[in-house]
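[1] Coordinates for the following, if possible.
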Amino acid sequence: MLELDLSSEIADLRSTFTEIQAVVDVPALTEEIARLSEQAGAPDLWDDPEQAQKVTSALSHRQAELGRVTAIERRLDDLEVLIELANEMDDEESADEARAELSALADVIAQLEVQTLLDGEYDDRGAVITIRSGAGGDDATDFAEMLLRMYLRWAERHKYSVKVMDTSYAEGAGIKSATFEVDAPYAYGTLSVEAGTHRLARISPFGSADKRQTSFAAVEVIPVMEEAQEVEIPENDIRVDVFRSSGPGGQSVNTTDSAVRLTHIPTGIVVSMQNEKSQIQNRAAAMRVLQTRLLLLKREEEAAKKKELAGVITASWGDQMRSYFLYGQQLVKDLRTGYEVGNPASVFDGDLDGLIAAGIRWRKRKDDD
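    Numbers count the residues shown, from 1 in each chain. Now for the predicted structure:
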């Protein structure tokens, strides 16, 4: 006679889930959805397309957040019913289904628990990610493209909306740089732990000596700012270059000079956009990103000054935050957290949740110290 008893495991999950519900504040979230729904239903909403986009995007994000919480509660209830039926019918197949669902729920709740640690000023925003190849020649530009695919696959796994904003292709393999936006709740808080220098060690597919090659790529993550107008940029501080969008190998994909490159002369910050349909749209998108970078730079300088005055000198992220080994022992290792994955292929295919969760927990402990 089948006696499947998962009551203690379910009780543990419910306890964790109750804590999550308290942090999420479901009643307040429900009220915010009602308020945004009322705004979204206004007949003059689209008289201001930019504001309309903000309202509908915020509503979509909040509904998705509430949907995740209510779905977990429903699945916990359904799991208890499934266990009861399995025992009553002495059905081993239903018991196996219940065990699999328990494991899946544990993973989902763990991911949601990690999200409750994201309480930074911009953590709930979308994210703009820029990947730049570093030292290592063709291996570095190929590595940059591997990282781009990795993050796009990660977003695809989570069904997040992604827009590639700019891609600069290398003359040989891979890309020099790429910028893309992830439009999802807490995308910035989640992906910000990916910022830093990534290192790849492998037998180079581009050399004839069959030697190990080490290459580098930098990942920058900034939040999508709803209002970046806090930073006013004088026109004289910006150099604007327009050019023709291009694809791999320099092949033209656009017959007009619609791509835009903004250079902030005082800081040397460069932002390029080429994936919008017009020069005006590309310039507006580039300006938003530039304003955000300058705002964050200003805040970083203020924070650094405070630490200096307080006599505290600490490195923030440092170089080589993660290493990817594709020769000998196959391994991906985060050098901050010590978290390791023995299957680099799965990581490059977007299986990043474990690494990201470890990074978020590490950052939270570091901030609390």
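
[2] Quick check: Glu156 vs Val162, distance?
    Between Glu156 and Val162 the computed distance is 8 Å (Cβ to Cβ, to the nearest Å). Glycine gets a C-beta too; all of them are placed from N, C-alpha and C.

[3] Now do the strands in the protein.
    127-133, 161-169, 175-183, 196-203, 212-223, 238-243, 259-264, 269-273, 322-325, 331-334, 340-341 (DSSP state E).

[4] ok, Pro344 - contacts?
    Tyr324, Phe325, Leu326, Gln330, Leu331, Val332 (Cβ atoms under 8 Å, 6 or more residues apart in numbering).

[5] same thing with Glu65?
    Val24, Leu29, Pro185.

[6] same question, Trp362
    So Trp362 contacts Val193, Arg336, Thr337 (Cβ under 8 Å, 6+ apart).

[7] Could you rerun that using 7 Å?
    By Cβ atoms under 7 Å, 6 or more residues apart in numbering, the contact list for Trp362 reads Arg336, Thr337.

[8] measure it to Asp119 for me?
    15 Å.

[9] now the end-to-end length of stretch 202-218.
    End-to-end span of stretch 202-218 (Cα to Cα, to the nearest Å): 18 Å.

[10] picking up where we left off before, list just the nearest of the contacts of Glu65 to Glu97.
    Val24 (28.2 Å; Cβ to Cβ).

[11] Now that that closest one has come up, it's in contact with Thr70, right?
    No. Using Cβ atoms under 7 Å, Val24 is not in contact with Thr70; the gap is 10.7 Å.

[12] before we move on, back to that, who's more crowded, Glu156 and Val162?
    Taking other Cβ atoms under 10 Å, Glu156 and Val162 do not tie; Val162 has more neighbours (17 against 11).

[13] For burial, what's the neighbour tally of the nearest residue to Ser204 once chain neighbours are set aside?
    Excluding the flanking residues, the one nearest Ser204 by Cβ to Cβ, 6 or more residues apart in numbering is Gln213, at 3.7 Å. Neighbour count of Gln213, defined by other Cβ under 10 Å: 20.

[14] wait, doesn't Gln213 sit right on Asp138?
    No. Gln213 is beyond contact range of Asp138, at 9.2 Å (criterion: Cβ under 7 Å).

[15] my read: Ser79 touches Ala100, true?
    Not quite, residue 79 is Leu, not Ser. No. The pair Leu79 / Ala100 is not scored as a contact, 10.2 Å apart, by Cβ under 7 Å.

[16] Listing request: residues of this structure with sub-threshold pLDDT.
    Scanning the chain for pLDDT under 70 picks out 1, 208-209, 226-230, 245-257, 302-319, 369.

[17] which residues in it form helices?
    For the chain, helices defined by DSSP state H occupy the ranges 7-24, 26-40, 49-89, 92-115, 137-157, 187-191, 279-310, 344-348, 353-368.

[18] I'd like to know how far Leu152 sits from His198.
    Leu152 is 15 Å from His198, where distance means Cβ to Cβ.
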